[in-house]
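Trainee: Need coordinates for the following:
(one chain, ligands or ions: 3)
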Amino acid sequence: MQVTIKTPEEIEKMRVAGRLAADVLEMLDEHVKPGITTEELDRIAHDYIVNTQQAVPAPLNYKGFPKSICTSVNHVICHGIPSEKKVLKDGDIINIDVTVIKDSYHGDTSKMWIVGKPKPGSERLIQITQECLYKGIELVKPGTRLGDIGHVIQQHAEKHRYSVVRDYCGHGIGKVFHEEPQVMHYGKPDTGMELKEGMTFTIEPMINQGKYQTKLMADGWTVVTKDHKLSAQWEHTLLVTADGCEVLTRRSEESF
Ligand code: MF3
Ligand code: CO
Ligand code: CO
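Mentor: Ligands and ions are numbered 1, 2, ... in the order given. Sure, this is the predicted structure:
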């Protein structure tokens with residue numbers, strides 16, 4: 001399927017879905033503490049999305065994914081499966097990735113937490129990764145090309161001697177969870193598709209402390225760093241407007 005340009009009615013639904021996804025991350029904040037399991041975080045998020053928001057957790061049963069959120073701890077890059085065996089402990093870093101469907105439209109967003117007291121290096125990795133997302137977002141407007149976004153993210157990560165994961169990328173989003181285009185987090189300026197008003201897509205850089213190579217675990221989902229060093233990720237769903245962009249999954253702590 002080709003890139004879809006959303007109508008004003010669709011954009012309003014994307015705003016609602018984006019807001020709900022952001023709300024889930026804000027709600028989870030107080031629960032991300034040493035001692036909680038990722039399974040408990042999944043249950044809290046599931047109940048909130050289904051009962052309070054009357055929405056649908058998009059990951060649940062998506063291509064066979066068994067849970068409602070992704071919880072990726074330490075060297076897990078993405079798609080970590082919540083488990084009663086995974087107890088968060090002091091110094092862990094965790095990404096929680098939430099996607100909700102409301103009125104047929106998707107909102108997709110993720111953020112990082114440090115559990116308890118940070119270990120050396122983890123705060124910096126998390127901060128630089130968030131800056132990579134924000135530098136990408138700053139470029140989003142009609143006429144910008146996808147390679148420009150990938151380039152600015154790669155430059156910032158590599159300047160700090162981190163690496164950009166190649167095997168997973170951002171994506172168009174709407175009625176379909178993952179639609180065209182693919183949004184790489186590395187690339188060359190003035191290459192790739194040109195952004196147009198009404199496009200909606202995610203930017204979700206995965207940045208590694210060590211090398212960029214990934215390994216898929218035997219569960220068929222969990223993606224880890226091959227060298228077992230830390231990885232961080234932040235994600236927003238964006239709308240291209242006439243003169244810039246709207247961050248559909250903005251949280252109240254953010255000042256776009
Ligand atoms: N939310 C992820 C993304 O940003 C996709 C998760 S798919 C799942 O694209 F099946 F693992 F949940
Ligand atoms: Co996504
Ligand atoms: Co996501």
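
Trainee: near ligand 2 at all, the top helix by length along the chain?
Mentor: The helix that spans the most residues within the chain, counting by DSSP state H, is helix 8-28. No - residues of helix 8-28 contacting ligand 2 under Cβ under 5 Å from the ion: none, with a closest distance of 10.1 Å. Using the backbone N, CA and C atoms, a C-beta is placed for each residue, glycine as well.

Trainee: what comes up buried for that helix?
Mentor: For helix 8-28, the buried set under the neighbour-count rule, 16 or more other Cβ atoms under 10 Å, comprises 10-11, 13-25, 27-28.

Trainee: And for stretch 179-197?
Mentor: 179, 181, 183-187, 192-193, 195.

Trainee: how about the residues of this structure near ligand 2?
Mentor: Residues of the chain lying near ligand 2 (Cβ under 5 Å from the ion): 108, 202.

Trainee: Contact residues of the chain facing ligand 1?
Mentor: 59, 62-63, 65, 70, 79, 97, 99, 108, 204, 221, 235 (Cβ under 6 Å from any ligand atom).

Trainee: change it to 8 Å
Mentor: With Cβ under 8 Å from any ligand atom as the criterion, the chain comes near ligand 1 at residues 58-59, 62-63, 65, 67, 69-70, 78-79, 97-99, 108, 110, 168, 170-171, 177-178, 202, 204, 221, 235.

Trainee: Just the buried ones among the residues you listed, please.
Mentor: 58-59, 65, 67, 69-70, 78-79, 97-99, 108, 110, 168, 170-171, 177-178, 202, 204, 221, 235.

Trainee: Now do the strands in the stretch 51-200 of the chain.
Mentor: Using DSSP state E, counting those that start in this stretch, the strands of the stretch 51-200 of the chain run over 56-57, 70-73, 76-78, 93-102, 105-114, 163-164, 170-172, 179-183, 200-203.

Trainee: can these go into JSON lines with extra columns for distance to residue 247 and mean pLDDT?
Mentor: Formatted as JSON lines, these follow (distance: least, Cβ to Cβ, whole Å; pLDDT from 0 to 100):
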{"stretch": "strand 56-57", "distance to residue 247": "21", "mean pLDDT": "99"}
{"stretch": "strand 70-73", "distance to residue 247": "20", "mean pLDDT": "99"}
{"stretch": "strand 76-78", "distance to residue 247": "20", "mean pLDDT": "99"}
{"stretch": "strand 93-102", "distance to residue 247": "15", "mean pLDDT": "99"}
{"stretch": "strand 105-114", "distance to residue 247": "9", "mean pLDDT": "99"}
{"stretch": "strand 163-164", "distance to residue 247": "21", "mean pLDDT": "99"}
{"stretch": "strand 170-172", "distance to residue 247": "13", "mean pLDDT": "98"}
{"stretch": "strand 179-183", "distance to residue 247": "15", "mean pLDDT": "98"}
{"stretch": "strand 200-203", "distance to residue 247": "10", "mean pLDDT": "99"}
